[in-house]
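> Take this sequence and fold it.
(one chain, ligands or ions: 1)
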Amino acid sequence: MCGIVAYSGKNEAFPILINGLKKLEYRGYDSAGIGTVNGSVHLHKREGKVNDLVSYCAGKNTSGKIGLGHTRWATHGCANNQNAHPHQSQSKRLTLVHNGIIENYEALKEMLTFHDFNFESDTDSEVLVQLVEWYQIRYKLSTRVALGRALQDVQGSYAVVLHDTSVKYQLLAARSESPLVIGLGEEGHFVSSDSMTFDHSAKSIIYLEEKVIAELHQNEEPAFYTLDDITIDQDILPFDYRKVAVSKGDFESYTLKEIFEQKLSVSRTLNGFSNYNSEELSKVLDDVDRIIITACGTSCHSGIVAEYLIEKYAHLNVEVEYASEMRYKCHTLGKRDLVIGISQSGETADTKMALEIAKSKGVKTLAIVNGVNSSIARIADQVIYLKAGIEIGVASTKAFTSQLSAILMLTVLIAKTKNTLTQERLDEMIFELKKLPAYVSKTLAVSEKIARRVAYHIADAQSALYLGRGLSFPIAIEGALKLKEISYIHAEGYPSGEMKHGPIALVEEDLPVIAIVNNDESAAKIISNIQEVKARKAMVIVVKNEDVELPRNIADHVINVPAVPSYLNPIIQSIPLQLLAYYTAKLKGCNIDQPRNLAKSVTVE
Ligand code: F6R
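Okay, the predicted model is just below:
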């Protein structure tokens, strides 16, 4: 979603802002803009990528030691130069960048139009900057107080940075339900959607609280105010630039790097969980009769794996809800429920809202997140951090397998708390979990070449079907999601037993059907489902453990993965599916790190 970067300091702002915007590209966007201030504001905006903006700026005035930059993911108004940020007020005195959605923008716009304000864009964000100016003019307020008043009128979510040309070197920043962090350094101050845009000069960080306005002046200590203009304090924490610096290394893309990093990321998750103070969580779990898992997209698929695992090993009822649907299905939430929100970014608006609904009903909440200090981590009563390291590729890969690793550890903990497994069995599971990084490593080694080869057989397909049973069903839907989001091939995942109830009508000669066969009690059944599609001349690609025997001539291509205990299969089987989607997308020449229309962090509902 939209990305914000702003700077006020001793150095030229333009290169700092462009560098920051490039780092925010992973969030997904369709236009970019920049405003630097040197007496007046030099505003440059372009539909397309940050590089298009850079080319457009060549030879133009971009001078100034203060500036605001933005990448926009279109919501209100299409992606074009006019709708790109920054936006300015009518007098051009105020310049603003915004991330979020102003839900009541139409009513506000009507009021402002009535007062002779004219608009240059279709965006809700322009309404906000005009509203600040309206307050300034009508009530003769300072910029900060006018911003506070305007934000009190806003329904929805926002992260904003505002500059008033009449207040030299000042930036005002505020947030509600959209992320915004401030970096402080000797050479200047930064404001951004993500601390990874700060440079080495940033020495401290402020995770701005909800509805707090930060006032930043070049070379001065920041000051903080409520929207009613009462001074308040914010925590200022040390910041280590090296911890957030990321690079592709020798890989051709972040996504490929992240796929290959999984050996390390699952091991970090497992170690993190082992060090986690599980006593408190055990106490919570003791009273729990039902778990409701809520999440979106890939994280929701992790939730479905958790449903299978926790029900099987800990005998606890688990329900999985899309976070965007949770508010319509929360009527029976009660004191003996635990709501678990799973999120890579920790900023997904729907998941955040679902946890807030649960909290408002007095229900216990737990978050499984990767994004440290993210909004979801702050809302939940308890947090399990994945420690997978920042994920830049928009399609989630390493965060997914880290979510699954954390879920396995959680399953063991619940089974222990509920006394559903013998100590011997628990020890055995922990022993196997410790071997997981080695299994992941082996899987990467054995499946890459074959996945790359099989990709040639899929790249020209119009659509593909993914089939699974039991624990491999959620992996089938995740495999299908990966293929569709990065290669743009239509793909659906089904429980293989569902085939006969409709989807089999789609099966025709050469349709790629990717079937995932587990080395457990589901194997025989899924093999007969494969026979059914093979009989209709589909092109069958089987992903299976090496200890599973397939009947002859049933598969056109087989990708073997190591023979692991079946509860580790969701992690192990995901890897060849990620690689298959990756190499298919590569053959099609897609932008894999930043697929069209997608955003890494979906901060609007
Ligand atoms: C797919 C993908 C998305 C996210 C979803 C939730 O590869 O990345 O489906 O899983 O948008 O995001 P988080 O996990 O950040 O809440």
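
> Which pLDDT value goes with the closest residue to Tyr322 other than its chain neighbours?
Nearest residue to Tyr322 in three dimensions, chain neighbours excluded: Cys300, at 5.9 Å (CB to CB, 6 or more residues apart in numbering). For glycine as for every other residue, the C-beta is placed from the backbone atoms N, C-alpha and C. pLDDT recorded at Cys300 is 98.

> Could you tell me which residues make contact with Cys300?
Applying CB atoms under 8 Å, 6 or more residues apart in numbering to Cys300 gives the contacts 294, 320, 322-323, 342.

> cool, Glu478 as well?
By CB under 8 Å, 6+ apart, the contact set of Glu478 is 298, 301, 400, 493, 574, 577.

> The third one contacts Thr298, correct?
Yes - here Phe400 lies in contact with Thr298, judged by CB atoms under 8 Å, at a distance of 5.1 Å.

> which of these two has more neighbours?
Phe400 (31 against 22; other CB atoms under 10 Å).

> for the strand or helix carrying that one, the distance to its chain's centre please.
Secondary structure assignment for Phe400, by DSSP states H and E: helix 398-417. Its chain's C-alpha centre and that of helix 398-417 lie 19 Å apart, by CA atoms, centre = their mean, to the nearest Å.

> Next SSE downstream of it?
Next helix or strand after helix 398-417 toward the C-terminus (DSSP H and E): helix 423-434.

> can I see the domain layout of this protein?
Following automatic domain parsing, one gets these domains for the chain: 3-243, 247-434, 451-592.

> how close does Val160 get to the ligand?
Val160 sits 22 Å away from the ligand, going by CB to the nearest ligand atom, to the nearest Å.

> One more: Asn370?
Asn370 is 8 Å from the ligand, by CB to the nearest ligand atom.

> That residue against Glu347, yeah?
No - using CB under 8 Å, Asn370 makes no contact with Glu347, being 10.5 Å away.

> For the ligand, what is the nearest residue in the chain?
Here the chain gets closest to the ligand at one residue, Gly297, 1.9 Å apart by CB to the nearest ligand atom.

> tell me the pLDDT at that residue?
The model's pLDDT for Gly297 equals 97.

> list the contacts for it?
So Gly297 contacts 396, 481 (CB under 8 Å, 6+ apart).

> repeat that for 10 Å
Going by CB atoms under 10 Å, 6 or more residues apart in numbering, Gly297 touches 322-323, 343-344, 348, 350-351, 395-396, 400, 478, 481, 485, 598, 602.

> any idea whether Ile541 is helix, strand or coil?
Following DSSP: H, G, I helix; E, B strand; the rest coil, the label given to Ile541 is strand.

> how about it, what does it touch?
With CB under 10 Å, 6+ apart, Ile541 has these contacts: 450-451, 454, 457-458, 464, 466, 512-516, 555-559, 576, 580.

> Put the buried members of those into a PyMOL selection.
Buried residues among the contacts of Ile541 (16 or more other CB atoms under 10 Å), as a PyMOL selection:
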select buried, resi 450+451+454+458+464+466+512+513+514+515+516+555+556+557+558+559+576+580
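
> tell me, which of the contacts of Ile541 make contact with the ligand?
When CB under 6 Å from any ligand atom is applied, no member of the contacts of Ile541 is adjacent to the ligand.

> How confident was the prediction at Tyr276?
With respect to pLDDT, Tyr276 has a value of 67.

> Kindly apply the preceding question to Leu285 instead.
pLDDT, read off for Leu285, is 85.

> Neighbours of the residue lying closest to it once chain neighbours are set aside, how many?
Using CB to CB, 6+ apart and skipping the chain neighbours, the partner closest in space to Leu285 is Thr417 (4.6 Å). If you count neighbours by other CB under 10 Å, Thr417 ends up with 18.
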